[in-house]
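[1] sharing a model prediction with you, sequence too.
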Amino acid sequence: MEIEKPTWGWLEPFEKFGQLGDKNSDYKKVLYGDSITKYSTCTHAAHGMIYALDNTKVWDLYESRAAILMQMRFDGVLGFPGGLVDAGENPAAALNREMIEEINIDTSKHYFDDKDHLVSYLHEEKNLVLHFYTKKVNLTEFRNIERRNLEAKEYGIETFGIIRPPLFTMGDNLRGFPAFLSNQFAGNSKEELLLALCATNIMTKDEIDIAVEAMKKHVQSLQ
Ligand SMILES: O=c1[nH]cnc2c1ncn2[C@@H]1O[C@H](COP(=O)(O)OP(=O)(O)O)[C@@H](O)[C@H]1O
């Protein structure tokens, strides 16, 4: 049976790369240099993770470790701020432009450059290259970045709110980080989050693997 298309809020004509259902294996890590030269005919996008280390003790139970900035996107899935790179534009410059539009970042204080690049991925079928950056700020700066977000040009249009992923895991081995990971994520932003948590030493590989297993078990139990 053909699904009836809604007449209001139906954005299909504007969609290009955002469809869900990508598998991890669809994304191949590529070197940044290669991604610019070899894949110059692909569409490029750049996204960034702003984070602050935080050793505050929560409820006298655990150390917070970090505050991480992600967003609820307009399409109802989670991701990092960022977006498509314009023709001839440097990916980091595109990321700064999108950071201003989406979360109203003050680039005179915080901006991404080539040194902040962590990883790039190629989605061959979609002809899409995704560049990912991380930026460390202190906790006061992080809170200021969060406060400014409501005044962003794209707030309520592309960005439906910024969020902090919970990093702890509760007694049922699900609520907290594993439950967060069982949400829908844009592109390969879930993999980017896990890679960045490990690269910044916020979580160990073992801790991440345990949370991912718990998430997978939960997702399977829903099917
Ligand atoms: O946080 C992310 N990390 C990795 N890939 C992402 C993320 N957010 C979106 N994407 C992918 O990049 C594509 C373009 O990104 P986005 O939708 O942010 O660009 P736009 O705002 O310029 O349209 C998306 O369709 C999706 O495939």
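    Great, that's in hand. Numbering: from 1, shown residues only.
[2] quick one: contacts for the residue nearest to the spatial centre of the chain?
    Of all residues in the chain, the one closest to the mean position by C-alpha atoms, centre = their mean is Phe80, 2.9 Å from it. By C-beta atoms under 8 Å, 6 or more residues apart in numbering, the residues touching Phe80 are 47-49, 69-71, 132, 189, 192-193. C-beta coordinates here come from the backbone N, C-alpha and C atoms, glycine included.
[3] for it, which non-adjacent residue is closest in space?
    Nearest non-adjacent residue to Phe80, counting by C-beta to C-beta, 6 or more residues apart in numbering: His47, 4.1 Å away.
[4] kindly report the same for Thr169.
    Closest residue in space to Thr169, ignoring its immediate chain neighbours: Gly176 at 4.5 Å, by C-beta to C-beta, 6+ apart.
[5] the one you found touches Ser182, doesn't it?
    No - checked against C-beta atoms under 8 Å, the pair Gly176 and Ser182 is beyond contact range at 11.2 Å.
[6] state the mean pLDDT of the longest strand along the chain.
    For the chain, the longest strand by residue count, based on DSSP state E, is strand 43-58. Averaging pLDDT along strand 43-58 yields 95.
[7] surely Leu174 is within a strand?
    No - counting by DSSP: H, G, I helix; E, B strand; the rest coil, Leu174 is located in no strand; its state is coil.
[8] which residues are in contact with Thr134?
    48-51, 116, 118, 196, 199-200.
[9] give the PyMOL command for selecting the buried subset of those.
    Of the contacts of Thr134, the buried ones can be selected in PyMOL as follows, counting by 16 or more other C-beta atoms under 10 Å:
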select buried, resi 48+49+50+51+116+118+196+200
